[in-house]
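Sequence plus predicted model, see below.
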Amino acid sequence: MELDLEGRHADQAYAILASVVMPRPIALVTTLGPDGVVNAAPFSFFNVFGDDPPIVAFAPGDRDDGTPKDTARNIRLGHEFVVNLVDEGIAEAMNRCSAPLPYGVSELEQARLTAAPSSAVKPPRIAEAPASLECSEWGTLQIGNNRLIIGVVKRVHLRDELFDADKLRVRSDQFKVIGRMASPHWYCRTRDRFEMIRPAG
C-alpha cells in the first residue's frame, strides 16, 4: 500500500502519520498569558532533538477557526515555556487539560494540578509531573500550516527517586511515562521493555 500525502491522501495526513509514527512522548506544556494566567496543554507532536545546545520541539496546531492555540500565543509573547512529561499518575489530568477552555482560563485548576515555581523561566512547572524541562524559545518555524516551536532546555527537574545522583543517570525502570498511539483516543504504557546491546565496532 502506498499513500500519496501530496495528493489523493493529503486530507488524511494527520490520521495516517499519527497512527504510523508511534508511540510518541507527550509534552504537557505550561505557559503564562499576559494576564498571568497559567495555560497547560498536551502535545504529542513533540520530541528532543539535540544536546548541544539541548533542544526540544513541538508543533501546536491552530484552533478550528484558524487562530493560534493559547500555548502558541503565550510563547510568542513571553518566549518561555515548560515541558512537563506525563506518567501514568497524571494521565487523566493531562487528558482533562486537552478540553477547550476560553482564553485566560487555566486548565490546571480544572485538572487539579499544582503549579510549582520554575528556576530559570517565568512559566511554572507542574508539581505532579515526574519530570519538567524549563525552556526558552529558540525560534518558531512556520512550514505551511505547521508551527514548529523549538526550545532550548535550561533546567531539568526530576522526582528524587527517578535520578541516581552517583551515576548521574535517570532510573528509567521507574520512569513510567505514557505514550501517544493512534488517533483519536489511544495511549500506551511503557512498562514492557527489552534490551538490545549495540554491536561493538
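Everything's here; your move.

Run through the helices of the protein in chain order.
For the chain, helices defined by DSSP state H occupy the ranges 13-20, 70-78, 91-96, 107-111.

contact partners of the first one?
The reference is to helix 13-20. Leu3, Leu5, His9, Ser44, Arg180, Met181, Ala182, Ser183 (CB atoms under 8 Å, 6 or more residues apart in numbering). Every C-beta, even on glycine, is put in place using the N, C-alpha and C of the backbone.

Return the set of buried residues in that helix.
Under the neighbour-count criterion of 16 or more other CB atoms under 10 Å, helix 13-20 has Ala18 buried.

what do you get for the third one?
In terms of neighbour count (16+ other CB under 10 Å), helix 91-96 has its buried residues at Ala91, Ala93, Met94, Arg96.

now the longest one
Using 16+ other CB under 10 Å as the test for burial, helix 70-78 gives Asp70, Thr71, Ala72, Arg73, Asn74, Ile75, Gly78.

And for Lys176, the neighbour number?
The number of residues packed around Lys176, counting by other CB atoms under 10 Å, is 15.

what sits against the residue nearest to the spatial centre of the chain?
For the chain, the residue lying nearest the average C-alpha position, counting by CA atoms, centre = their mean, turns out to be Ala27 (1.3 Å). Ala27 is in contact with Pro42, Phe43, Ser44, Phe46, Val56, Phe58, Val83, Asn84, Leu85, counting by CB under 8 Å, 6+ apart.
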